[in-house]
Structure formats: structure tokens, C-alpha cells
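J.: Just a sequence and a predicted model for now, questions to come.
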Amino acid sequence: MQTVIEGTAYVLGDNIDTDQIIPAQYLTYNPAIPEEYKMFGKFALSGVPDDQGGLPKGHVPFHGPADEFVAPYQFIVAGKNFGCGSSREHAPIALAAAGITVVIAEFYARIFYRNAVNGGYLVPVESASRLIDQVCTGDELVIDLTAGT
């Protein structure tokens, strides 16, 4: 496993739930079929409302043009309680399909954390500090998993 990962951050707020990560209407796709797996990436985070606490001021869309399946980000930096809500195992699949390799949050809903790790879809990292107040969408980050930095 790669222990030093470089990439671009996408910042979210607190209480991002699994319905926001991948809305229910997109659960008809089968992630075992490569063409349908891409659709999870295309619709990842499409349920996060623009006008509520889920997105910081000056929100930047997660995806570019509508025909893009992979976002230009490798990291999600989030606040508290990331992945709360239903036990939707498709949530970490959607983020991985969108190109996310690491989610950094203050803490996770247990079920999201377990689904991310058990499926090997992405690396959930907990942060002792409130990084969403220090990192902006588009910032380039270097994460050293071994050193915990």
C-alpha cells in the first residue's frame, strides 16, 4: 500500500450523510459492472445541498462538466460525523469511483468507516484538529499515512 499520497483536496462540512454521498436514485447501478461502476463516480456527492451546512462558503462543484465520471480531487477533507445516516455500503464505492483515495475527517460514523476499510475502497483518516478551517478546496496536500501527517 502506498503510504505517501499527494493530491488535491475537496472540503466538506459536518454531518455529510450517505444519502448525500450517493443518493438513493443511483443505487440501481451495479458496481460490479465496469460501465455502471463509473456512474457511482459521476453521481458521488450529488446529494450535498449547496445552501446548507454541508458545503463551505464559496462552494466549488465536486465534478466538472456533466460528462465527467472522475472528479479532479483525490482527497475529501470533512468535519465531524462523516458518513452518518443509513448503512449504505455504496457510499465509499461512489467516492472511490470518483477518484477519491483518502477521506480525512474529525470523526466518522462507524458504519461508513467499517465499509470503507472492509471493502478496501479508500483510506479513512481521523484528524485531531478541525482541518476544514485550515484547508480550502483545491489545496494540494501530501499525506503521510505512516507518520500520521
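T.: Happy to help now that I have it.
J.: Give the other helices and strands that the longest strand anywhere in the chain contacts.
T.: Ordering each strand of the chain by length in residues (DSSP state E) puts strand 4-11 first. Packing contacts for strand 4-11, counted by 3 or more Cβ pairs under 8 Å, 6 or more residues apart in numbering; DSSP states H and E, involve strand 75-77, strand 140-144. C-beta: built from backbone N, CA, C; applies to glycine.
J.: Which positions in that strand come out as buried?
T.: Using 16 or more other Cβ atoms under 10 Å as the test for burial, strand 4-11 gives 5, 7, 9-11.
J.: OK, contacts around residue 37?
T.: 29-31, 93, 97 (Cβ atoms under 8 Å, 6 or more residues apart in numbering).
J.: repeat for residue 117
T.: Counting by Cβ under 8 Å, 6+ apart, residue 117 has contacts residue 124.
J.: Could I get the phi/psi values of it?
T.: Per-residue torsions, residue 117: phi -70, psi -50 (degrees, to the nearest 10).
J.: Check what pLDDT it gets.
T.: Note for residue 117: predicted pLDDT of 94.
J.: Could you do the one 5 residues further on as well?
T.: In this prediction, residue 122 carries a pLDDT score of 94.
J.: what bits of the chain have low per-residue confidence?
T.: The model of the chain has pLDDT under 70 over residues 1, 50-60, 64-67.
J.: Let's see that with 90 instead.
T.: 1-3, 46-71, 85-89, 148-149 (pLDDT under 90).
J.: rewinding a little: ranking by neighbours, what's the top pick from the contacts of residue 37?
T.: Neighbour tally across the contacts of residue 37 (other Cβ atoms under 10 Å): the maximum, 25 neighbours, falls on residue 97.
J.: nearest to residue 106, of the helices and strands packed on strand 4-11?
T.: Proximity to residue 106 (Cβ to Cβ) singles out strand 75-77 among those, at 10.0 Å.
J.: Sort out which residues of the helix or strand immediately after the closest one in the chain are buried, please.
T.: Per DSSP states H and E, strand 75-77 leads on to helix 90-97 as the next helix or strand towards the C-terminus. Buried residues in helix 90-97, defined by neighbour count with 16+ other Cβ under 10 Å: 90-97.
J.: Repeat that for stretch 31-51.
T.: Neighbour-count burial for stretch 31-51 [16+ other Cβ under 10 Å]: 31, 37-48.
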